[in-house]
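>>> return atomic coordinates for the entry below.
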Amino acid sequence: MGGSWRGARDRMPPRVSFCGRWKGSVGVLLAAFSLMALRADPMRPVRLRVLYSNSVFTSVNRNDALAALKVWIDLIGKSRGFLLETEVGSFDRLEEAEKRIQDGTVDLLVLNSMEFLQNRQAAKLDAAFVPTSDDYVLVVRRDGKVRSLGDLQGKSLILSRLGADWGRVWLDRMLAEQRLGATDEFFGMNRETENPSSAILPVFFGKSDAAVVNRRSFTIMAELNPQLDRQLLILTNSPRIPEAVTCVHKDFAVFRKELLEGLADLHNDPKGQQLLMLFKIDKLEPCKPGGLDGARELLRLKPTIKLAGAP
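Residues are numbered from 1 along each chain as shown. Below is the predicted model of the structure:
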């Protein structure tokens, strides 16, 4: 029995150490990675300082949005051979941003469009992109008796506030042009909400006489619930106004071209699309001369707002 076992053992193939094979594989992989590293172009380190207006975070979680923005910018940098040190911050008062612009301590800046028009340091910035422009609409019930702005005197109104509150600015302008007085005096009740549905649905259910919302929000809600489109009437609408302006400091040179290319292609990139959805915009478009003329015109009757010499 014992001799037979020894014979079988002698016939068994020699054992191969698994650890030995693993070490050998790791050695080959390390050598391959080392070779790749030697052949690859080194990543160029770049510091990028981003500043956002807190007013653009209406109905958006600010921390989530800033974190997502940083991740996306870093990915754009890596894909183009840059190792970014990205600093992302936000501000409440325009004076804070103006000081950063003057000191040259910001590279990429996002302002709401009213802040951009008031910015006294605009000459140091290049206006690069705006979100797809939208207009505001005044909505009432179709089966009601309201067929003009004047018919709403003493009635109730809910305004959906976004960014610079262009809906109220536009409404103030219309009332002034028709000599109907100030918003607070003309309407029996008016209040603001950051949620467009909280402005539209009370009109639909007869709890409010009118609402001011941006057209994009109204269109999305009407597509989800076609009864809204059948029972609500758009009485009038504002000029198309971009809600924000993305700017680059004129002194920012390294990574400038690559950053602008990435922003222009944001809507074609899956991660970029997620970022746009987070900010509730469709795409970024080049900021063209005259693109803010509608917004500028609405502000001309606001003596408390001083316009800077921005394009």
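>>> at which residues are the helices of the chain located?
Taking DSSP state H to define them, one finds helices in the chain at 2-11, 18-39, 62-79, 94-103, 113-118, 166-177, 183-186, 196-204, 215-224, 226-231, 256-264, 270-278, 293-299.
>>> weakest of those helices in terms of mean pLDDT?
The weakest mean pLDDT among the helices of the chain belongs to helix 18-39, with a mean of 41.
>>> picking up where we left off before, nearest to C247, out of the helices of the chain?
helix 113-118 (7.4 Å; CB to CB). C-betas here are computed from N, CA, C, even on glycine.
>>> for that closest one, give me every contacting residue.
Counting contacts by CB atoms under 8 Å, 6 or more residues apart in numbering, the residues outside helix 113-118 that touch it are 53, 55, 94, 97, 122, 127, 130, 163-164, 166, 169, 241-245, 247, 292, 295-296, 299, 305-308, 310.
>>> again with stretch 218-230
Outside stretch 218-230, the residues that reach it (CB under 8 Å, 6+ apart) are 137, 139, 142, 196-197, 200, 204, 232, 234.
>>> do stretch 63-82 as well
41, 43-46, 48, 50, 52, 57, 83-84, 86, 88-90, 255, 258-259, 262, 271-272, 274-275, 278-279.
>>> ok, back up a step: looking at the helices of the chain, which is buried most?
Across these, averaging neighbours per residue (mean count of other CB atoms under 10 Å) puts helix 113-118 on top, at a mean of 25.
>>> measure the closest residue to L284 other than its chain neighbours to V245 for me?
Among residues not flanking L284 along the chain, F129 sits closest, at 4.1 Å (CB to CB, 6 or more residues apart in numbering). Summarising the geometry, the distance separating F129 from V245, computed by CB to CB, to the nearest Å, is 8 Å.
>>> any residues in contact with both of these two?
Any residue near both F129 and V245 by CB under 8 Å, 6+ apart counts here, and that gives C287.
>>> neighbour count winner among these two?
Neighbours around F129 and V245, counted as other CB atoms under 10 Å, are more numerous at V245. The numbers are 30 against 20.
>>> hmm, that one is touching E285, no?
No: with contact defined as CB atoms under 8 Å, V245 and E285 do not form a contacting pair (11.1 Å).
>>> next, show the common contact partners of the two.
Once CB under 8 Å, 6+ apart is applied, the residues that V245 and E285 both contact turn out to be 129-130.
>>> identify the residue nearest the geometric centre of the chain.
Among the residues of the chain, the smallest C-alpha distance to the mean C-alpha position (CA atoms, centre = their mean) belongs to F279, namely 3.7 Å.
>>> quick one: contacts for that one?
With contacts defined as CB under 8 Å, 6+ apart, the neighbours of F279 are 56, 60, 65, 131.
>>> likewise L298?
Under the contact definition (CB under 8 Å, 6+ apart), the residues listed for L298 are 166, 169-170, 173, 238-239, 241.
>>> roughly how far does the nearest residue to R44 once chain neighbours are set aside sit from L159?
Sequence neighbours aside, F82 is the residue nearest to R44 in space, at 5.1 Å (criterion: CB to CB, 6+ apart). Applying CB to CB, the value for F82 to L159 is 43 Å.
>>> give me the more crowded residue out of these two.
Between F82 and L159, counted using other CB under 10 Å, the more crowded position is L159 (23 against 20).
>>> partners of M189 in the sheet?
M189 has these beta-bridge partners by DSSP bridges: S156.
>>> and the pLDDT at it?
In the prediction, the pLDDT value recorded for M189 is 96.
>>> pretty sure it sits against S156.
Yes: counting by CB under 8 Å, S156 is a contact partner of M189 at 4.4 Å.
>>> the more surrounded of these two?
Neighbours per residue (other CB under 10 Å) separate M189 from S156, with S156 holding more: 17 against 12.
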